[in-house]
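Participant: pasting the structure only:
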């Protein structure tokens, strides 16, 4: 345990100094992953989770693991039904979204952003207790 | 059931009725009236604007109570009771509906008041008979949902009136700090890319425009003692305009008050810089959204102090900035409606 717990400001600032060898390695790693589209928060959360032996979502995306059961299952299904799916798409029986937003909105008319935000909002309402009129 | 959004701020009460697209505000001033006071002013006729009776108890609210402005506003549970919050809310209902209505109330509050959310709900939930300028109206407040003011401000910037993400949302993938500069408190919330609210970042700090404005007014009066000798209360809108422009228009005389204005703005900017630093520092954010009436006063000074940071006001029209939270509250109400529909 450190003598003083890190304040939120220290954690948020996380000023990594490239002169320090370990911090330089971390910086290079962060820059590499940011280049792949991950943000600082995702990198930190996944790194801490990995250190604890967990298997965070990012690594399942990052590492193409052939032994991954789910990926294997998808592969089998695609191999079996790919030609059928393609014919449906060609005949217009399957709607193919033109962009990611359209995909996200398909279920309930809400974008991924709106879903994330509303989830946080509802969590906050629960924190407040009584924020939602629950009598 | 009519949705109604109410923000009982330290300086002014603001309301928005999404159904009719009506909004308004009134001075934060409430005075209980005795039956004798009521009889003297109202007699057997209809009461003038601002004089109301809520379930038989008489009050002057808003401009009508300007002589009874409470210098030290009650805080916490003392504020959210049937003798204080309720008459203010009922006055807003009267102004917004002008007729009886069943109401779902979305009430915004500073994050520091979250522990009093239950008191707020208890104070206003129920059926209220209100005698007012439009006759005797009944407001049946069936549901009360409380909302954090800075989250309302963020929602105003990022959502449409239908509760949908605005097209080409400019902060969808940005780390955002929202600062709501109110009368007595400045609230903040950090939002990570993808609209993820950092729940631990929602905080209030006791800093706001009222102190800076009072400092400005005192110095202005002191410097122009003779001129202001017989001047009563100064209109807050004229004072705010003088802080922005550096000139106070006294009748046909223009008084240069640029020094006093700069001092007041600097006081407020220093407080906001502290808020930014306590949030992790300006360097950790892509955009800082500004909300609340105070944002208009210090926008230029903040941009000058942090030239590398994108400061954006959540409401582009400075005159409408004070309504940003109630407009945002209505957008949150629409969003919550959608979530409930699909739950």
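Facilitator: Looks like it arrived, so ask away. For clarity, every value in this text was computed on a predicted model and none was experimentally measured.

Participant: residue A:44 and chain B: what is the separation?
Facilitator: Residue A:44 is 12 Å from chain B, where distance means CB to the nearest CB, to the nearest Å. C-beta coordinates here come from the backbone N, C-alpha and C atoms, glycine included.

Participant: remind me which helix or strand that residue belongs to.
Facilitator: helix A:40-51 (DSSP states H and E).

Participant: show me the shaky parts of chain A.
Facilitator: Residues of chain A that meet the criterion pLDDT under 70 lie in A:1-15, A:54-108, A:129-135.

Participant: now with 50?
Facilitator: A:1-2, A:60-66, A:106, A:130-132, A:134-135 (pLDDT under 50).

Participant: just chain B next, same as before
Facilitator: Ranges of chain B meeting pLDDT under 50: none found.

Participant: switch the cut-off to 80
Facilitator: B:44, B:66-78, B:229-237, B:342-343 (pLDDT under 80).

Participant: show me where it has helices.
Facilitator: Remark: helices assigned in chain B by DSSP state H are B:35-42, B:85-97, B:117-124, B:149-158, B:209-223, B:225-228, B:236-245, B:258-278, B:293-305, B:324-342.

Participant: out of the ones you listed, nearest to residue B:56?
Facilitator: For residue B:56, the closest of the helices of chain B is helix B:35-42, at 9.6 Å, according to CB to CB.

Participant: report the buried residues of the closest one.
Facilitator: For helix B:35-42, a neighbour-count test (16 or more other CB atoms under 10 Å in any protein chain shown) marks B:38, B:42 as buried.

Participant: got it, and stretch A:119-128?
Facilitator: Buried-residue list, stretch A:119-128, by 16+ other CB under 10 Å: A:120, A:121, A:124, A:125, A:128.

Participant: just stretch B:189-203 next, same as before
Facilitator: Applying 16+ other CB under 10 Å to stretch B:189-203 flags B:189-198, B:201-203 as buried.

Participant: end-to-end on that stretch?
Facilitator: End-to-end distance of stretch B:189-203 (CA to CA, to the nearest Å): 7 Å.

Participant: what residues does that stretch touch?
Facilitator: Stretch B:189-203 is contacted by residues A:8, A:39, A:41, A:112-114, A:116-117, A:120-121, A:123-124, A:127, B:111-112, B:148, B:150-151, B:154, B:158, B:165, B:171-178, B:187-188, B:278-280, B:285 when judged by CB atoms under 8 Å, 6 or more residues apart in numbering or on different chains.

Participant: of those residues, select the buried ones using a ChimeraX command.
Facilitator: A single ChimeraX command selects the buried members of the contacts of stretch B:189-203 (16+ other CB under 10 Å):
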select /A:112,113,114,116,117,120,121,124 /B:111,112,148,150,151,154,158,165,171,172,174,175,176,177,178,187,188,279,280,285
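
Participant: looking at the contacts of stretch B:189-203, which are in strands?
Facilitator: Residues of the contacts of stretch B:189-203 located in strands (DSSP state E): B:148, B:176, B:177, B:178, B:187, B:188.

Participant: for residue B:252, see how far away the closest residue to chain A within the stretch 201-343 of chain B is.
Facilitator: Going by CB to the nearest CB, chain A is nearest to residue B:280 of the stretch 201-343 of chain B, at 3.1 Å. Distance, residue B:280 to residue B:252, using CB to CB, to the nearest Å: 50 Å.

Participant: cool, residue B:156 as well?
Facilitator: Using CB to CB, one gets 39 Å for the distance from residue B:156 to residue B:252.

Participant: more crowded one of those two?
Facilitator: residue B:156 (25 against 5; other CB atoms under 10 Å in any protein chain shown).

Participant: so whichever strand or helix holds residue A:27 versus helix A:40-51, what angle?
Facilitator: Taking DSSP H and E as the criterion, residue A:27 maps to helix A:21-35. Interaxial angle of helix A:21-35 relative to helix A:40-51 (axes from the mean of the first three to the mean of the last three CA atoms, to 10 degrees): 120 degrees.

Participant: and helix A:21-35, anywhere near chain B?
Facilitator: No - Helix A:21-35 lies apart from chain B when judged by CB under 8 Å from any CB of the partner chain; the minimum separation is 11.6 Å.

Participant: quick check, nearest of the ones in strands among the contacts of stretch B:189-203 to residue B:243?
Facilitator: residue B:187 (21.3 Å).

Participant: for beta bridges, what are the partners of the closest one?
Facilitator: residue B:180, residue B:204 (DSSP bridges).

Participant: residues contacting it?
Facilitator: B:110, B:111, B:112, B:148, B:149, B:150, B:179, B:180, B:202, B:203, B:204, B:205.

Participant: contact partners for the fourth one?
Facilitator: By that I understand residue B:148. A:124, B:108, B:109, B:110, B:111, B:114, B:187, B:189, B:202.

Participant: circling back: in strands only, show me the buried residues of stretch B:189-203.
Facilitator: B:189, B:190, B:191, B:192, B:196, B:197, B:198, B:201, B:202, B:203.

Participant: what is the nearest of those to chain A?
Facilitator: Each of those was scored against chain A by CB to the nearest CB, and residue B:197 proved nearest at 3.3 Å.
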